[in-house]
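*Asks:* Quick one, structure for this:
(chains A and B)
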Amino acid sequence: KAGVTQTPRYLIKTRGQQVTLSCSPISGHRSVSWYQQTPGQGLQFLFEYFSETQRNKGNFPGRFSGRQFSNSRSEMNVSTLELGDSALYLCASSYSGSGGSPNEQFFGPGTRLTVL
Amino acid sequence: AQRVTQPEKLLSVFKGAPVELKCNYSYSGSPELFWYVQYSRQRLQLLLRHISRESIKGFTADLNKGETSFHLKKPFAQEEDSAMYYCALSGRGSSNTGKLIFGQGTTLQVKP
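*Replies:* Prediction:
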């Protein structure tokens, strides 16, 4: 099976702009989670989508949003970019079946966003 | 508060020495605990999870609910074990399974 893919891999934006990042999960996986990774804060959970619905959300401002399509592909959007949004954005997919135990999350390579 | 603490940023050992990467957690409820690993230029990947009770690449981790710890151990370190290790937790139930809370990570350096 092909792994999780993220596009683009690198992105440079300026303050005030907006950006959209894309994530294609492993075939058959219905859950997509997004994380922000920075040297100072480490890996922080942004949100999770399952069957096109946001199922869980982290403590990020409303400038960070996402969505999921019927084919489970997901996008995240950051509006009004700030310097502090510079980070590696990771997405992860999992099968997330009907059981209550968390399934293994498979991570993509990340999108490196630089805000100037 | 939900929190994962990895007290060591860097752990440096010689090949063949025992390794213990510490992880403590705070969670109101019964969490699932994981260790993820990131080798140089590779993606973050699952190493092991407490519910499977497996030994992967010689690593084991036991969940100690009394001490709220999930330390990762290996009796004899190998140079190929050099990597960044993250301890993570997730709540149970479908509303929590997609959210991982990570520690800050520990870089393991195994010297020849």
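*Asks:* per-residue confidence at the residue in chain B positioned nearest to chain A?
*Replies:* Of all residues in chain B, residue B:98 sits closest to chain A, at 3.3 Å by CB to the nearest CB. C-beta: built from backbone N, CA, C; applies to glycine. At residue B:98, the pLDDT value in this model is 85.
*Asks:* Contact partners for it?
*Replies:* Each residue near residue B:98 by CB atoms under 8 Å, 6 or more residues apart in numbering or on different chains is listed here: A:31, A:32, A:33, A:48, A:49, A:50, A:55, A:56, A:94, A:96, A:102, A:105.
*Asks:* how about the nearest residue to it, chain neighbours excluded?
*Replies:* Using CB to CB, 6 or more residues apart in numbering or on different chains and skipping residues adjacent in sequence, the residue nearest residue B:98 is residue A:48, 3.3 Å away.
*Asks:* What helix or strand is that neighbour located in?
*Replies:* Assigning secondary structure by DSSP states H and E places residue A:48 in strand A:42-50.
*Asks:* Quickly run through the sheet partners of the next helix or strand after that strand, with directions.
*Replies:* Past strand A:42-50, further along toward the C-terminus, the next helix or strand under DSSP H and E is strand A:53-57. Strand A:53-57 has its sheet partners listed here by DSSP bridges as strand A:42-50 (antiparallel).
*Asks:* now what about the partner strand, what contacts it?
*Replies:* By CB under 8 Å, 6+ apart, the residues outside strand A:42-50 that reach it are A:30-38, A:54-60, A:64, A:66-68, A:74, A:76, A:89-90, A:96, B:86, B:94, B:98-105.
*Asks:* Residues of chain B that sit close to chain A?
*Replies:* Applying the criterion CB under 8 Å from any CB of the partner chain, the portion of chain B that neighbours chain A consists of B:32, B:43-46, B:49, B:51, B:86, B:90, B:92-105.
*Asks:* Can you say which of the residues you listed are buried?
*Replies:* The neighbour-count test (16 or more other CB atoms under 10 Å in any protein chain shown) marks B:32, B:43-44, B:46, B:49, B:86, B:90, B:94, B:96-105 as buried among these.
*Asks:* among the residues you listed, which are in strands?
*Replies:* B:32, B:46, B:49, B:86, B:90, B:101, B:102 (DSSP state E).
*Asks:* Dump these into CSV; add distance to residue A:9 and pLDDT as well.
*Replies:* Output for these, formatted as CSV (distance: CB to CB, whole Å; pLDDT from 0 to 100):
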residue, distance to residue A:9, pLDDT
B:32, 31, 89
B:46, 22, 94
B:49, 29, 89
B:86, 21, 98
B:90, 27, 90
B:101, 26, 95
B:102, 22, 97
